[in-house]
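Asker: using only what follows, build the 3D model:
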Amino acid sequence: MQSNNTGIVVANAPISYGAFEVTVGIDPNVPDGAAILEAVSSAGYAGIDLGPVGYLGDGAELGEGLAAHGLGLTGAYLELPFSDASELDAMMPELDAMLDTFDAISEFQRGLPPKPTIADAGAEHRRNSPGSGQRNPTSGYSPEQWDAFAIGLARVVEHCRKRGYEPTFHHETGTYVESPEEIAKVLEISDIGLCLDSGHFLIGGGDPVEYLRTWADRINHVHLKSASIARFNEVVAEKLPTTAIWEREVFPVLGEGDLDCDAFISTLKDIGYSGWLVVEQDILPQTAERFERAIADQQANRTFLAERGL
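Answerer: As a prediction, this is how the structure comes out:
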């Protein structure tokens, strides 16, 4: 599975082709899971994120599909309402469905295990005003809400570990954990590892290269994407919701946008990061032609990384 000598294993994700929780089963232009597996494998990636449970297949069907394409499963993303105990109760079956999927493909998995990639569920006012964590910190959690959040997060972390999986926390635009300060708070109140997402970190107001070093001992998963701060600022100026980030394609191919990709990759190597490096370029599917462009973009992203020793 590993194609370089760094310990970094390069993967891709269905969201790079327009398939994720907001589109699967809703948008008729979403490509089917089999087409995604073929595109990711053909581009030379070693793994793939799950996307919505069932999208790439279920049980042995999923495991066989991954194995046939030479792909490992990197993990799966789930937003959870950590600060509300009753709402969290209602979401625990979805967490178990994710972990059950990991169990079902375990005999087919080679190399690195999948990571439960969990995020805060946010709230409507945050989703309607992306970037608030940096611009308007008072829109975030109160001390009492952070206390409740810590209890809920600890519950989820313990549950994942009891099931045999080490979770990772993903900061996300439009949630209560998007700015560097909010991420630091999570790391202060929990021992969970961090999934550093370079694109979301950029538009959240931070320098991902700097924080790779700052949080080197806490980072256990990485989502690699670039971001156009100018496009994001347009979304903010026009008072658009978080969905506009995908509509405006704020996340371009690697080498474009405002991420210093070479510095980020060099720093990953310098800190001795070993694990999944999941390339993401969040888009909406829109048309069949857009899917073809997504295939070309992900091939270009894989070539970009190969040229840099990954």
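Asker: unless I misread the structure, residue 26 falls within a helix.
Answerer: No. The assignment for residue 26, made by DSSP: H, G, I helix; E, B strand; the rest coil, is coil rather than a helix.
Asker: any idea where the strands of the stretch 1-150 of the chain begin and end?
Answerer: 8-12, 47-48, 72-73, 75-80, 115-120 (DSSP state E, counting those that start in this stretch).
Asker: which one of those lies nearest to residue 287?
Answerer: strand 8-12 (20.5 Å; Cβ to Cβ). C-beta: built from backbone N, CA, C; applies to glycine.
Asker: distance from whichever strand or helix holds residue 194 to the middle of the chain?
Answerer: Taking DSSP states H and E as the criterion, residue 194 maps to strand 193-197. Relative to the centre of its chain, strand 193-197 is centred 9 Å away, using Cα atoms, centre = their mean, to the nearest Å.
Asker: I'd like the next helix or strand past that strand.
Answerer: helix 198-203.
Asker: for the helix or strand following that following helix, packing partners?
Answerer: The first helix or strand that comes after helix 198-203 along the chain, using DSSP H and E, is helix 208-214. Under the contact criterion of 3 or more Cβ pairs under 8 Å, 6 or more residues apart in numbering; DSSP states H and E, helix 208-214 touches strand 193-197, helix 198-203, helix 261-270.
Asker: hmm, who's touching helix 208-214?
Answerer: Outside helix 208-214, the residues that touch it by Cβ atoms under 8 Å, 6 or more residues apart in numbering are 180, 196, 198, 201-202, 219, 259-260, 263-264, 267-268, 270-271, 273.
Asker: go through it and flag the buried ones.
Answerer: Going by neighbour count (16 or more other Cβ atoms under 10 Å), the buried part of helix 208-214 is 208-209, 211-212.
Asker: for it, C-alpha coordinates in CSV please.
Answerer: Extracted C-alpha coordinates of helix 208-214, given in CSV (Å, rounded to 0.1, in the frame of the first residue of the first chain):
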residue,chain,number,x,y,z
PRO,A,208,-1.4,25.1,8.5
VAL,A,209,2.3,24.8,8.0
GLU,A,210,3.0,26.6,11.3
TYR,A,211,0.5,24.4,13.2
LEU,A,212,1.8,21.2,11.7
ARG,A,213,4.8,21.9,13.9
THR,A,214,2.8,23.3,16.9
